[in-house]
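Colleague: sequence first, predicted coordinates after that:
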Amino acid sequence: MTDSNGPETAESVDEDRRRVLGYAGLAALAASGAAGAWLVSRPPETGDEGTGEAATPTPDGAASSEETPAAAVPAAVERYAPDIYFGALEKWFPTDPRQYVVESDEGRVVDGFTALETYSQQFREVGGPPEPTVFYNVVEAADGVDAVQYWAYSVFDQFTVNFHWHDWELLQVFVERETGEPLLLSASAHARGTPNNEFVDPDIPDGTRPGILSEVGSHSSASEVNGVVPSFERVPTADFVSDVTNDGVDVSTSLRAPFAYGLPRDEGARLPFVLPELDGSPLHEHGSLSIERDDLLAESVTVDSWRGLPSPPDDIPLRESGLVFAHPDSGIAGEADATYALEPLDPLEDEIDAFGGPQLSFEFALPGFVEDQFASHITSVGIPWEQERFNDPLADVTDPGHRRRIDGAEPAGLGNRVVGRVRQLRAGTEGALDGVAETAQDVVGGVASVSLSAPSVELAVRLASENPTATVTRNGVFGYLHVESGEHQLAVNGPGLAPLAAGFEHDGGLVQAGSEGELTVVATEDAGWVRGDARETGGVSRVRIVEDYAGVVYDGEPVETDRFAVAVHREGHYTVEVFDSDGHSGAYRVTPDSFGDADETVRDGIRTGKLPLAETLRAELDELYALAETLAGEDGSDSTDGTDASTDGTNEVLDRLQRARRAAASAVAAAEDGAAALADEWLLTVDIVLEDIRDTLASESQGGYDDDAVAALDPRVAAGSDRANEALEAEL
């Protein structure tokens, strides 16, 4: 799966879909959808150990290449030729592209239409994968180290973030030439910007060989070193090591994970695929292409229109194991569903001039101020011998420590990363509440209205820059490397989810996207759009939206100049913080009442400075007073045990909140009159009173409130104090 520049407007999408590309010479489109790291495979026992799934029966008539010219194949190439484990829904298995060559004005071309049609017909006729083939190439990687490359060709790629004709996979084993011992197992994930799954100094005993878990549709892969085929363990436990040795990174303040690509095989989440289209028609209905619906991925995992769903689908099945391909000399060859021919790659350069076909695209929706916009993620294929990694295999090693293991170098680009985790904002308090201390999260369930949880389906994430690239999440987690310094934009799409987009600046090193690595999406049916227009005021350079208990749900640069559109859950209570082009801050409140019967709330003329901050503080204190009153008895006593909050029968928290409200209102009036010094005096009074309230809530009496009430009130009081200080520091 390879990335290239795509059109940025909806109007140009159809034109690009019809544009026929000859792929010869497109070295910039190098990294095709390929495997992640490797596994050490062992002969299976009964079924798929560790998954509870039954082994897939051998397809009737499946082609099997039993005769490999062993004398012509280098010993190291045969030794490490992998066993390949496919998913049950896989359609496009490794084969020989030469059988699909057609003569054209461009020479001998593997045409996308011809390849897909002929392959599909062959598959139906034999009842299984036609002509299983893997190609090899050996390249010196470093002094005394060779890279044994295994290239696998599939006629099509149908995935979550893209689809295209022709899919070349690269699997590499770095071998010490003198001893023949493997130093590193590596294979590219989806693109140069996506980290591979890699394993350094693997233990591959005699009688075993490397293997890969090939992902359905895209053919990227995950590794297995525990002999629990075909599961994938991302992190170590007491019983096994991790299947990757990639270094760990802090994805967010609360999550550390290996910086490696990998889809959630056995990890519980579900992956929705897309139905490829050309000229506005699904491929199986296109007038120039003769294939059947069954030639594409099953409808059970395919979502035809991501944007037409009110919520993410809940009926996508989890992954199951499918066919197994093996080298004829593999220890599992007798149990495998097919053996593949191992062929040298060199002759193909003389026999094939180009790979071609109409260009396809995946459309990312971007939230605009008026309506959703579109940006196309175009993918294409690169011929192996025109890719940088064909002659420089270390160009495809993505972990700094692994690169040092081979040649002692550590290119700077390997450390230029962007990571993040996407979570979904849902009604209720079953999820996380980032805006509340961990010890208090269980006791605010009666007050909070929304919370954060892992998305029910995996999502598509597009990194827009000079060379856009896209990936999918793994339990919401994503990562990019080789990210150039400068301005970028992230767009997140998923079926049944409102699109999310945010701009950010990368200045080298590790960058956590969104709010300290967290990005938030919401189901379409729950979405309320917060739109702001600052073109006629001071502009807007950054937007930060904070839910009272869930915490920060958006933090980024707007995708349009001086205008923004962010989807939030309609049941939440938010403060929208804005920063103008000079860095001055402003804020306003958005609550369920802000939407009414509409699906959006629009704020024209976004303002920054002391006045809007004081107005927001006043609104926050009004809501805080109502909450404190609700949590107290009708007469001002504690709602749990009936004891008075103070000796004179009054509730001192409510009394002080009332004083803070009056002071905030006075600050607003002074700011409206341009009396900055007077406004600051009132704001300082607010801050002092709120700090007194926090002391009271922390005292032995807790102001007459029980523990649950204190847990609900204290973070809101603290937020009010922060807002008062922000307004104090702001200019009029």
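Modeller: Yes, it's here. Numbers count the residues shown, from 1 in each chain.
Colleague: can you give me the neighbour number for residue 428?
Modeller: 12 (other Cβ atoms under 10 Å). Every C-beta, even on glycine, is put in place using the N, C-alpha and C of the backbone.
Colleague: so who does it touch?
Modeller: With contact taken as Cβ atoms under 8 Å, 6 or more residues apart in numbering, residue 428 is in contact with 449-451.
Colleague: buried among those? Make that a PyMOL selection.
Modeller: To isolate the buried ones among the contacts of residue 428 in PyMOL, judged by 16 or more other Cβ atoms under 10 Å, type:
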select buried, resi 449+450+451
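Colleague: out of the contacts of residue 428, who's nearest residue 185?
Modeller: residue 451 (40.2 Å; Cβ to Cβ).
Colleague: looking at it, that closest one is touching residue 430, isn't it?
Modeller: Yes: using Cβ atoms under 8 Å, residue 451 makes contact with residue 430 at a distance of 6.3 Å.
Colleague: that older thread, with distance to residue 385, secondary structure and pLDDT as extra columns, can I get the contacts of residue 428 in a markdown table?
Modeller: Listed next are these as a markdown table, based on distance: Cβ to Cβ, whole Å; DSSP: H, G, I helix; E, B strand; the rest coil; pLDDT from 0 to 100:
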| residue | distance to residue 385 | secondary structure | pLDDT |
| --- | --- | --- | --- |
| 449 | 58 | coil | 96 |
| 450 | 53 | strand | 97 |
| 451 | 52 | strand | 97 |
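Colleague: can you list the contacts of residue 428 in TSV and add distance to residue 148?
Modeller: Converted to TSV, these look like this (distance: Cβ to Cβ, whole Å):
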residue	distance to residue 148
449	57
450	52
451	49
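Colleague: just give me the closest of the contacts of residue 428 to residue 434.
Modeller: Once Cβ to Cβ is applied, the member of these that ends up nearest residue 434 is residue 451, at 9.0 Å.
Colleague: with adjacent residues omitted, what lies nearest to the closest one?
Modeller: Leaving aside its chain neighbours, residue 451 sits nearest to residue 431 (3.5 Å; criterion: Cβ to Cβ, 6 or more residues apart in numbering).
Colleague: one more: residue 535?
Modeller: Using Cβ to Cβ, 6+ apart, the closest residue to residue 535 is residue 562 (4.6 Å).
Colleague: ok, now which ones touch that neighbour?
Modeller: For residue 562, the contact set (Cβ under 8 Å, 6+ apart) comprises 533-535, 539-540, 581.
Colleague: these, buried ones only, as a ChimeraX selection?
Modeller: Here is the ChimeraX command that picks out the buried ones among the contacts of residue 562, judged by 16+ other Cβ under 10 Å:
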select :533,534,539,540
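Colleague: from the contacts of residue 562, which land in strands?
Modeller: Secondary structure from DSSP state E places residue 533 of the contacts of residue 562 in strands.
Colleague: of all the contacts of residue 562, which comes closest to residue 725?
Modeller: residue 540 (22.1 Å).
Colleague: show me what the helix or strand harbouring residue 668 is packed up against.
Modeller: Residue 668 is located in helix 652-672, with elements delineated by DSSP states H and E. The helices and strands touching helix 652-672, judged by 3 or more Cβ pairs under 8 Å, 6 or more residues apart in numbering; DSSP states H and E, are helix 610-631, helix 676-698, helix 707-729.
Colleague: those helices: which one's closest to residue 208?
Modeller: Of the helices and strands packed on helix 652-672, the one closest to residue 208 (Cβ to Cβ) turns out to be helix 707-729, at 54.6 Å.
Colleague: buried ones in that closest one, by neighbour count?
Modeller: Neighbour-count burial for helix 707-729 flags 708-717, 719-721, 723-728 (criterion: 16+ other Cβ under 10 Å).
Colleague: hmm, the residue nearest to residue 451 is touching residue 455, no?
Modeller: No: between residue 431 and residue 455 there is no contact under Cβ under 8 Å: 11.0 Å.
Colleague: anything in contact with each of those two?
Modeller: By Cβ under 8 Å, 6+ apart, residue 431 and residue 455 have these common neighbours: residue 423.
Colleague: the two: which has the busier surroundings?
Modeller: residue 455 (22 against 19).
Colleague: pLDDT weak spots in the stretch 201-350 of the chain?
Modeller: Counting by pLDDT under 70, the stretch 201-350 of the chain shows low-confidence ranges at 224-228, 263-269.
Colleague: which parts of it are strands?
Modeller: All strands of the stretch 201-350 of the chain, identified by DSSP state E, counting those that start in this stretch, fall at 209-214, 221-222, 248-252, 255-258, 273-274, 277-278, 281-282, 302-303, 321-326, 338-339, 341-344.
Colleague: now those strands as JSON lines including distance to residue 185 and mean neighbour count?
Modeller: JSON lines is the format used below for those (distance: least, Cβ to Cβ, whole Å; neighbours: other Cβ atoms under 10 Å):
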{"stretch": "strand 209-214", "distance to residue 185": "6", "mean neighbour count": "30"}
{"stretch": "strand 221-222", "distance to residue 185": "11", "mean neighbour count": "34"}
{"stretch": "strand 248-252", "distance to residue 185": "19", "mean neighbour count": "18"}
{"stretch": "strand 255-258", "distance to residue 185": "15", "mean neighbour count": "18"}
{"stretch": "strand 273-274", "distance to residue 185": "27", "mean neighbour count": "23"}
{"stretch": "strand 277-278", "distance to residue 185": "37", "mean neighbour count": "20"}
{"stretch": "strand 281-282", "distance to residue 185": "38", "mean neighbour count": "14"}
{"stretch": "strand 302-303", "distance to residue 185": "32", "mean neighbour count": "20"}
{"stretch": "strand 321-326", "distance to residue 185": "17", "mean neighbour count": "25"}
{"stretch": "strand 338-339", "distance to residue 185": "21", "mean neighbour count": "24"}
{"stretch": "strand 341-344", "distance to residue 185": "18", "mean neighbour count": "20"}
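Colleague: among the ones you listed, which is nearest residue 413?
Modeller: strand 248-252 (15.3 Å).
Colleague: send me the closest one as CSV with only the CA atoms.
Modeller: C-alpha atoms of strand 248-252 as CSV (Å, rounded to 0.1, in the frame of the first residue of the first chain):
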residue,chain,number,x,y,z
GLY,A,248,8.1,1.8,23.4
VAL,A,249,6.7,5.3,23.1
ASP,A,250,4.4,7.4,25.2
VAL,A,251,1.3,7.5,23.0
SER,A,252,-0.4,9.7,25.5
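Colleague: please shift the residue numbers so they start at 227 in all later answers.
Modeller: Noted, 227 is the first residue going forward, which turns the last one into strand 474-478.
Colleague: check which helices and strands it sits against.
Modeller: The helices and strands touching strand 474-478, judged by 3+ Cβ pairs under 8 Å, 6+ apart, are strand 481-484, strand 643-653, strand 703-706, strand 736-738.
Colleague: show the pLDDT at the closest residue to residue 952 other than its chain neighbours.
Modeller: Excluding its sequence neighbours, the residue lying closest to residue 952 (Cβ to Cβ, 6+ apart) is residue 839, at 5.7 Å. Note for residue 839: predicted pLDDT of 98.
Colleague: ok, now which ones touch residue 839?
Modeller: Taking Cβ under 8 Å, 6+ apart, one finds 811-813, 949, 952-953, 956 in contact with residue 839.
Colleague: can you name the two of the residues you listed that sit furthest apart?
Modeller: 812 and 949 (11.4 Å).
Colleague: where along the stretch 427-576 of the chain do the helices fall?
Modeller: Per DSSP state H, counting those that start in this stretch, the stretch 427-576 of the chain carries helices over the ranges 572-577.
Colleague: confirm residue 802 sits in a strand?
Modeller: Yes: using DSSP: H, G, I helix; E, B strand; the rest coil, the assignment for residue 802 is a strand.
Colleague: the nearest residue to residue 842 once chain neighbours are set aside: neighbour count?
Modeller: Leaving aside its chain neighbours, residue 842 sits nearest to residue 813 (4.1 Å; criterion: Cβ to Cβ, 6+ apart). When counting by other Cβ under 10 Å, one arrives at 24 neighbours for residue 813.
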